[in-house]
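J.: After the sequence you'll find the predicted model.
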Amino acid sequence: AQSVSQHNHHVILSEAASLELGCNYSYGGTVNLFWYVQYPGQHLQLLLKYFSGDPLVKGIKGFEAEFIKSKFSFNLRKPSVQWSDTAEYFCAVNDGYSTLTFGKGTMLLVSP
Amino acid sequence: DVKVTQSSRYLVKRTGEKVFLECVQDMDHENMFWYRQDPGLGLRLIYFSYDVKMKEKGDIPEGYSVSREKKERFSLILESASTNQTSMYLCASSTIHRIAGGPGETQYFGPGTRLLVL
């Protein structure tokens, strides 16, 4: 069975700081990778996804993620966070045939 | 835009009651899912469905059942609610992408139902 590990449960940053949220997965074959975000009081929504091609994926709101196959990682990055980025972030993976496996989430708090 | 709606945002029920959570999607998606979201545990899959009248158990199906009589509607049923089923319940839908394959393509989520069982 696949598993997804998110390194930090809580992250606190000041505005303009750089962000990197770690995500590692256990499956060794071809994978589809996702980052979802849940802003306070809102739906869970897709931030970005990787299926194939360029391992550096750009998503909405200035986020990007890099797929490093050798490290089984798909870390989320943003060069300069804003207060409005305060949210919970979920990494998810599937192998194209199974359902999504989600990580336990990272709560990001950005102080103004 | 894809829209996934859930029948209630907040629900309070008593232990032993039968509870129905309804989910409707308007994009003709084949796949529908029910998750529960708990702090520190992330999203855990309860049941999913690839087609009408079809259902598959997820990771934590115990104490739940589902019904999919129409393509756009997927219901989660708590046969006899218990306090440990107090949680946020999320419904999601997705379509099948023939090239990439699989049921785990981009999922679109509803707003969630926060259920409190007393």
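T.: Right, received. Where do you want to start? Numbers count the residues shown, from 1 in each chain, chains lettered A, B, ... in the order given.

J.: The residue in chain A that chain B sits nearest to and residue A:34: what is the separation?
T.: When you check chain A against chain B by C-beta to the nearest C-beta, the closest residue turns out to be residue A:94, at 3.2 Å. In short, each C-beta sits where N, CA and C put it, glycine included. Counting by C-beta to C-beta, to the nearest Å, the gap from residue A:94 to residue A:34 is 8 Å.

J.: Give me the more crowded residue out of these two.
T.: In this view residue A:94 and residue A:34 are compared by other C-beta atoms under 10 Å in any protein chain shown, and residue A:34 has more residues nearby, 27 against 22.

J.: Pretty sure the more buried one sits against residue A:103.
T.: No: applying C-beta atoms under 8 Å, one finds residue A:34 not in contact with residue A:103, separated by 10.2 Å.

J.: Now the phi/psi pair for residue A:11, please.
T.: Note on residue A:11: backbone dihedrals following degrees, to the nearest 10 are phi -130, psi 130.

J.: in chain B, which spans are strands?
T.: Using DSSP state E, the strands assigned to chain B run over residues B:4-6, B:10-13, B:19-25, B:31-38, B:42-49, B:56-57, B:64-70, B:73-78, B:87-94, B:108-109, B:113-117.

J.: Also chain A?
T.: Assigned by DSSP E, chain A shows strands spanning A:4-6, A:10-14, A:19-21, A:23-25, A:32-38, A:44-50, A:56-58, A:64-68, A:73-78, A:87-94, A:101-102, A:106-111.

J.: what pairs with the fifth one, and is each one parallel or antiparallel?
T.: Paired with strand A:32-38 in the same sheet, following DSSP bridges, are strand A:44-50 (antiparallel), strand A:87-94 (antiparallel).
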